[in-house]
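Student: Fold the stuff below for me.
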Amino acid sequence: METSRMTEFLCFLQQDLAIPTTDLQLALRHPEQTLNSLPMILWQYGLITLRQLEQIFDWL
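Tutor: Okay, here's the model as predicted:
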C-alpha cells in the first residue's frame, strides 16, 4: 500500500472507528505485521469488534 493510501487508512481507523493511537501502534509493532494483516491483528488482540472489522474490509 502506498504511503498516501496508508495515511488515509490510518486516519479512517482513528477518526471513523475511533481506534486509539496506542492500539494502532501496538498492532503496527507486531512482528508479522503487513498492511494486509493489520485488520486481523487488531481483531485478534481484541482492539476492534467484528462490526469494525467488517467496516475496515469494506473500506479496503
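Student: hang on, residue 60 packs against residue 37?
Tutor: No: in this structure, residue 60 is not within contact of residue 37 by C-beta atoms under 8 Å, at 11.8 Å. For every residue, glycine as well, the C-beta is placed using N, CA and C.
Student: Give the buried residues for the helix or strand bottoming out on mean pLDDT in the chain.
Tutor: Least confident helix or strand of the chain, by mean pLDDT, DSSP states H and E, is helix 3-11 with a mean of 86. Within helix 3-11, the residues that count as buried by 16 or more other C-beta atoms under 10 Å are residue 9.
Student: what about that helix, distance to the chain center?
Tutor: Distance of helix 3-11 from its chain centroid, counting by C-alpha atoms, centre = their mean, to the nearest Å, is 10 Å.
Student: now swap in stretch 12-30 and tell me
Tutor: Here stretch 12-30 is found 6 Å from its chain centre; the criterion is C-alpha atoms, centre = their mean.
Student: Flag the shaky bits of this protein, pLDDT-wise.
Tutor: Applying pLDDT under 70 to the chain flags residues 1-2, 32-35.
Student: And the helices in this protein?
Tutor: Assigned by DSSP state H, the helices in the chain fall at 3-11, 21-28, 38-44, 50-59.
Student: Which of the ones you listed has the highest mean neighbour count?
Tutor: Highest mean neighbour count of the helices of the chain: helix 38-44, a mean of 18 (counted as mean count of other C-beta atoms under 10 Å).
Student: Give me the helices and strands touching that helix, please.
Tutor: In terms of contacts (3 or more C-beta pairs under 8 Å, 6 or more residues apart in numbering; DSSP states H and E), helix 38-44 is packed against helix 21-28, helix 50-59.
Student: Contact partners for residue 55?
Tutor: Contacts for residue 55 (C-beta atoms under 8 Å, 6 or more residues apart in numbering) come out as 16, 17.
Student: That one and residue 45, how far apart?
Tutor: Distance, residue 55 to residue 45, by C-beta to C-beta, to the nearest Å: 17 Å.
Student: Could you do residue 27 as well?
Tutor: 7 Å.
Student: from what I can see residue 23 touches residue 42, true?
Tutor: Yes: applying C-beta under 8 Å as the test, residue 23 and residue 42 come out as touching, 7.0 Å apart.
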